[in-house]
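Colleague: Pasted the sequence and its predicted model underneath.
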Amino acid sequence: MSRGKKLDLFIGADIDDGWAAVESPRKSKIAKDIIEPQKHFLVFAKEKRRGKTVTLVGEFQITKEDASSALKTLKKKLGCGGSYKDGWMEFQGELKDKIRPLLIELNFRFKNGH
């Protein structure tokens with residue numbers, strides 16, 4: 001191939017010939033029914049990601065707008081980063097003892113022992 005010419009390849013596969021996009025299943029199913037905060041039974045989980053601790057709280061069954069506004073206030077009060085994915089709130093650091101009273105203040109409940 002000489003310099004300056006472009007390589008033109010045609011593989012010959014059409015997308016319409018039964019090919020489909022690969023969809024990976026979610027870790028957890030997103031609940032379609034919305035539950036008020038008093039009826040939630042939240043659970044804590046702790047994970048290590050790249051050597052750092054992440055605190056998971058969930059599973060929430062509220063609208064995404066309500067979850068993002070609650071997450072924003074919690075992150076501001078805790079002074080940490082976090083995100084909302086698949087019905088779970090993720091916080092950077094080990095914050096179980098600090099998150100519990102803040103969520104109880106927002107009328108959420110926890111399972112026994114968590």
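Modeller: Yes, it's here.
Colleague: Beta-bridge partners for the residue most central in space within the chain, please?
Modeller: Nearest to the mean C-alpha position of the chain, by Cα atoms, centre = their mean, lies Lys85 at 1.3 Å. Assessed by DSSP bridges, Lys85 has beta-bridge partners Trp88.
Colleague: So what's the predicted local confidence for it?
Modeller: For Lys85, the model assigns a pLDDT of 92.
Colleague: Next: Ile35.
Modeller: Reported pLDDT for Ile35: 87.
Colleague: for the one 4 residues further on, same thing?
Modeller: Reading off the per-residue confidence, Lys39 sits at a pLDDT of 88.
Colleague: show me the contacts for it.
Modeller: Residues counted as contacts of Lys39 (Cβ atoms under 8 Å, 6 or more residues apart in numbering) are Arg109. Where you see a C-beta, it was placed from the backbone N, CA and C, and this is true even at glycine.
Colleague: Am I right that Pro101 sits in a helix?
Modeller: Yes. When DSSP: H, G, I helix; E, B strand; the rest coil is applied, Pro101 is found to be in a helix.
Colleague: State the distance from it to Phe108.
Modeller: To Phe108, Pro101 is 11 Å away according to Cβ to Cβ, to the nearest Å.
Colleague: So for those two, which residue has more residues nearby?
Modeller: Neighbour count, other Cβ atoms under 10 Å: between Pro101 and Phe108, Phe108 has more, with 20 against 9.
Colleague: Check the secondary structure at that one for me.
Modeller: coil.
Colleague: So it is in contact with His40, correct?
Modeller: Yes. The pair Phe108 / His40 is scored as a contact, 5.1 Å apart, by Cβ atoms under 8 Å.
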